[in-house]
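In: Okay, here's the prediction I keep looking at, along with the sequence it came from:
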Amino acid sequence: MENNFDKLKLIIDALNDAILSHHEWTGNLIAVRFLNENSTTSIIDEDAHKKCKTSALLDKIGEETFFSETALLKNVKQAHKDMHDKARILVHSYHSQEISDDTLHVYIQAQQEFVARVELLKNKLSTLINTSDPLTGLPTRPSLQLQISDIVKSKPDDLYLVVIDIDHFKIVNDTYGHNAGDETLRNLSLTLQSKIRSTEKLYRYGGEEFVMLIYADNLSSAGYAGSRICRNISETKLKYHNQFIEVTATIGIAKYKYDLSFEDNFEIADQALYYGKSTGRNRCIIDDGLSHFINYSSIE
């Protein structure tokens, strides 16, 4: 099954082709007076923009679940139609021998507007592929949601969402400075990446919060995995300017429910984390699916 990352790359390539093909129009339209009328039939068609391959491509992008920039896509579609409309006017002016510099200029402006809006669309799509946190190098929330979108297609029964929040991180910043806080997050992310398993994926969610996707046979296995991560963090001593900074983390885990949105699933895991914070921190709490919390911190 084609994943969203591969699909995005193909879409971006297709958008590049669309820009190139519409750029070529300018030369063709300038030379159109030397062509016979039949050769311009597709250009002067009232629905030319709908019959253009770019129209189908834009419709396809709008159908993708990972794409939420509906206003931007609407603007691209409008710019595409405007360009085709101006091209039709330009061709008619050639045929009627009423061509003017203004007519050509208006078309070129419409073409430039279309290209500019397609570039904005490409940038948005590229962000989904390339988004990574500059501090830790970890993929961030857009990449997480893109990955979830791929996973939802197959609905594996053993997926768990893990939310990790560093305890008292404000104290680290206040005591050692924000540079120390940044270095702590950077080193901690490296530690976590070196400890997680091949089936586990780590993301920087925001601030001092991380998210993991893990696969586990049951609640107990997920709880053990979270407890292992919690212990790895507490045992890590982070050195900054000859000082060792020790941190702990509280972890909330919930089995992923496909009848709920990502945001709702995150809220369930976050509630488990909040329970862990309220009962002492430095612990792993898992939601059992029945509105009960299980503390796996002391389980070996």
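Out: Happy to help now that I have it.
In: only C-alpha atoms for contact and neighbour calcs from this point on.
Out: Fine.
In: who are the neighbours in contact with the closest residue to Ala110 other than its chain neighbours?
Out: Setting aside the residues directly before and after it, Ala110 is nearest to Met83 in space (CA to CA, 6 or more residues apart in numbering), at 4.9 Å. With contacts defined as CA atoms under 8 Å, 6 or more residues apart in numbering, the neighbours of Met83 are 107, 110-111, 114.
In: what's the farthest-apart pair in those?
Out: The span of those, defined through CA to CA, is set by Tyr107 and Phe114 at 10.6 Å.
In: where exactly do the strands run in this structure?
Out: 159-166, 201-206, 209-215, 237-240, 243-246, 249-255, 284-287, 293-295 (DSSP state E).
In: could I get those as TSV with mean neighbour count and mean pLDDT?
Out: As requested, the strands of the chain are exported to TSV (neighbours: other CA atoms under 10 Å; pLDDT from 0 to 100):
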stretch	mean neighbour count	mean pLDDT
strand 159-166	25	97
strand 201-206	20	91
strand 209-215	20	95
strand 237-240	16	82
strand 243-246	13	88
strand 249-255	30	97
strand 284-287	30	96
strand 293-295	19	94
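In: Serialize these to TSV and add fields for distance to Ser96.
Out: Converted to TSV, the strands of the chain look like this (distance: least, CA to CA, whole Å):
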stretch	distance to Ser96
strand 159-166	66
strand 201-206	60
strand 209-215	64
strand 237-240	77
strand 243-246	79
strand 249-255	69
strand 284-287	74
strand 293-295	78
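In: Between the ones you listed, which one is closest to Lys51.
Out: Using CA to CA, these put strand 201-206 closest to Lys51, at 41.8 Å.
In: pull the CA atoms of the closest one into PDB?
Out: Extracted C-alpha coordinates of strand 201-206, given in PDB (Å, rounded to 0.1, in the frame of the first residue of the first chain):
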ATOM      1  CA  LYS A 201       8.600   5.800  16.900                       C
ATOM      2  CA  LEU A 202       9.400   9.000  18.800                       C
ATOM      3  CA  TYR A 203       8.200  12.500  18.100                       C
ATOM      4  CA  ARG A 204       8.700  16.000  19.600                       C
ATOM      5  CA  TYR A 205       5.200  17.100  20.300                       C
ATOM      6  CA  GLY A 206       5.900  20.600  21.700                       C
END
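In: Which secondary structure elements does it sit against?
Out: helix 141-154, strand 209-215 (3 or more CA pairs under 8 Å, 6 or more residues apart in numbering; DSSP states H and E).
In: Show me what the last one is in contact with.
Out: In this structure, residues lying in contact with strand 209-215 by CA under 8 Å, 6+ apart are 158-166, 199-205, 222.
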